[in-house]
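Enquirer: Provided below for reference: sequence and predicted model.
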Amino acid sequence: MKSPYLVPVLVLSSLLLSGCVYNTSKPTTPAVSPSEQQPTTQDKVNDKDTILFLDNRGLTSVPSDIFDNTAIEVLDLSHNDLTGSLPGEIRHLTNLKTLDMSYNNMTGIPAEIGQLQELETLNLSHNQFTGLPYELGNLTHLQTLDISGNNYSTADLEIIKKQLPSSVTIIK
């Protein structure tokens, strides 16, 4: 007679997903007031995660513990209340491929951004930038630079463009 307390255990040894469509869109989160959303990277990213969405959080500063996770490849800080300059510690995110800082009130971009050698997409649109660091020209893997909606110096941009690969798309 079988014991009613024994439960069979199944172990998945492989999972074949060929032919499936992978959805890369951002997960939606329920609407919560910014005060209830105080993000930390601990609840949004772990050592194996490479994507960190901190958009629409009402952030007034970039959480400093973000810069401890050098595995991050995508960082979305868009649509917040960020002011001032992005911290120079951004240089620690050496695997960063996409950085979106659009729709904030930021006024400065640190020279250290030029150390992000893997960066492919940089969205700085709709901020309060008036100057652009020449170090943007060091981004040899850059494919797209969006600086629209800013009052940047066109002289700065001309110097940077000379250093960037000719294939870079610059959205003004």
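Expert: Yep, that arrived.

Enquirer: and the strands in the chain?
Expert: 51-53, 74-76, 83-85, 98-100, 105-108, 121-123, 144-146, 169-171 (DSSP state E).

Enquirer: for Asp65, find the nearest of the ones you listed.
Expert: strand 51-53 (10.8 Å; CB to CB). Heads up, the C-betas are built off the backbone N, CA and C, glycines and all.

Enquirer: I'd like the distance from that closest one to the chain centre, please.
Expert: Between the centre of strand 51-53 and the centre of its chain there are 6 Å (CA atoms, centre = their mean, to the nearest Å).

Enquirer: contact partners for His126?
Expert: His126 is in contact with Ser102, Tyr103, Asn104, Ser148, Gly149, Asn150, counting by CB atoms under 8 Å, 6 or more residues apart in numbering.

Enquirer: farthest pair within those residues?
Expert: That would be Asn104 and Ser148, which, of these, are the farthest apart (CB to CB) at 13.7 Å.

Enquirer: higher neighbour count, those two?
Expert: Set Asn104 next to Ser148 and count neighbours by other CB atoms under 10 Å: Asn104 wins out with 23 against 14.

Enquirer: what lies in contact with stretch 79-93?
Expert: 54-62, 64, 66-70, 72, 75, 96, 99, 101-113, 115-116.

Enquirer: same list (the strands of the chain) but as JSON lines, adding mean neighbour count and mean pLDDT.
Expert: As requested, the strands of the chain are arranged in JSON lines below (neighbours: other CB atoms under 10 Å; pLDDT from 0 to 100):
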{"stretch": "strand 51-53", "mean neighbour count": "19", "mean pLDDT": "96"}
{"stretch": "strand 74-76", "mean neighbour count": "20", "mean pLDDT": "98"}
{"stretch": "strand 83-85", "mean neighbour count": "14", "mean pLDDT": "96"}
{"stretch": "strand 98-100", "mean neighbour count": "21", "mean pLDDT": "98"}
{"stretch": "strand 105-108", "mean neighbour count": "16", "mean pLDDT": "97"}
{"stretch": "strand 121-123", "mean neighbour count": "21", "mean pLDDT": "98"}
{"stretch": "strand 144-146", "mean neighbour count": "19", "mean pLDDT": "98"}
{"stretch": "strand 169-171", "mean neighbour count": "12", "mean pLDDT": "98"}
